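[1] build me a model:
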Amino acid sequence: MSPSTSLYQRRRAATPEEINAIPWISLLLPHERERAVSTLLVTQASAGEYVSHAGKPVSFWLGLTEGLLKMSADNVDGLTMTFTGVPPGGWFGEGTCIKRETYRYNIQALRKSVIAGIPVETFQWLLDNSLGFNRFIMNQLNERLGQFIAAREIDRISNPDVRVARSLAALFNPVLYPAVGAVLRITQQELAYLVGLSRQRVNEALSTLESYGAIQVEYGGLRVMDLQALRDGLFTSSKRVSVPEAVTREGIV
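    Reported below is the predicted structural model:
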């Protein structure tokens with residue numbers, strides 16, 4: 001794949017496996033599914049490449065099939081605030097599509113990623129004609145509101161352990177990211193980009209969270225053991241458990 005070509009120029013038809021993995025496809029009636037699939041496109045982004053820029057008019061409703069994305073915005077002082085990461089199975093930008101406005105945030109690939117999308121015209125048609133799709137979008141918007149409120153809270157948290165815990169909890173949201181399940185494939189460096197901390201400090205935070213039994217570090221990823229603890233930041237001494245040193249050493253890199 002040439003980096004000089006645009007995401008749209010790299011577009012292709014989705015495979016049956018990619019189509020069946022889309023969470024909202026199963027909610028459509030046969031004729032609605034046919035309409036959606038006929039306009040569904042898939043493309044690939046390289047690590048560091050922007051999928052969308054703030055100020056760009058919306059043309060597609062997008063979702064992540066494979067990889068990891070970062071959603072962020074730059075303020076007037078030139079500082080970047082990360083709202084959230086987008087793991088596989090996540091679809092985003094529905095509010096922008098509904099209002100047909102320009103993006104207010106940037107979406108960047110943190111690793112090689114496969115992105116799916118339907119044209120905004122198809123998105124609007126599904127809103128007008130599909131009850132199942134409408135319910136999915138309402139759930140998305142409701143969860144998204146809570147996600148952005150939490151992102152603002154995370155941005156003001158000074159405790160690094162709690163920042164990492166809340167950020168991980170957002171990535172394990174079962175409504176927005178149903179494909180993640182209990183295990184998230186992510187590196188410490190990728191998590192550091194999302195949280196806004198150094199890789200070394202993220203490593204320390206992960207060790208702390210694991211010692212409390214909130215997560216389990218595995219090779220190449222993380223397994224959530226107590227999602228509510230990650231959300232609430234309740235890391236009391238009574239919950240702390242002993243973690244073998246070897247587990248921490250062989251965790252994500």
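[2] quick one: low-confidence parts of the chain?
    1-5, 76-78, 150-157, 234-253 (pLDDT under 70).
[3] try 50
    Residue ranges of the chain with pLDDT under 50: 1-3, 236-239, 241-250.
[4] what about the closest residue to His53 other than its chain neighbours, distance to Phe60?
    Ranked by Cβ to Cβ, 6 or more residues apart in numbering and with sequence neighbours excluded, the top spatial neighbour of His53 is Asn106, at 5.7 Å. In short, each C-beta sits where N, CA and C put it, glycine included. Separation of Asn106 from Phe60 (Cβ to Cβ, to the nearest Å): 16 Å.
[5] again with Gly233
    Taking Cβ to Cβ, one finds Gly233 at 36 Å from Phe60.
[6] more neighbours: which of the two?
    Phe60 (25 against 16; other Cβ atoms under 10 Å).
[7] so where do the helices sit in the stretch 151-253 of the chain?
    In the stretch 151-253 of the chain, helices defined by DSSP state H, counting those that start in this stretch lie at 160-171, 188-195, 199-211, 227-232, 245-249, listed in chain order.
[8] just name the most buried of those helices.
    Mean neighbour count, computed with mean count of other Cβ atoms under 10 Å, is highest for helix 160-171 among the helices of the stretch 151-253 of the chain, reaching a mean of 22.
[9] so which of the helices of the stretch 151-253 of the chain comes closest to Thr39?
    helix 160-171 (28.9 Å; Cβ to Cβ).
[10] list of residues touching the closest one?
    With Cβ atoms under 8 Å, 6 or more residues apart in numbering as the contact definition, helix 160-171 has outside contacts at 84-85, 87, 147, 150-151, 153-154, 157, 177, 180, 184, 186, 191, 194-197, 201-202, 204-206, 208-209, 214-215, 222, 224, 227, 229-231, 233, 235.
[11] could you redo the last one with a cut-off of 6 Å?
    For helix 160-171, contacts defined as Cβ atoms under 6 Å, 6 or more residues apart in numbering pick out 84-85, 87, 147, 154, 157, 184, 194-195, 197, 201-202, 205, 208-209, 230-231, 233.
[12] stretch 94-114 now?
    With Cβ under 6 Å, 6+ apart as the criterion, stretch 94-114 contacts 44-47, 49-58, 61, 65-73, 120, 123, 137, 140, 190, 193.
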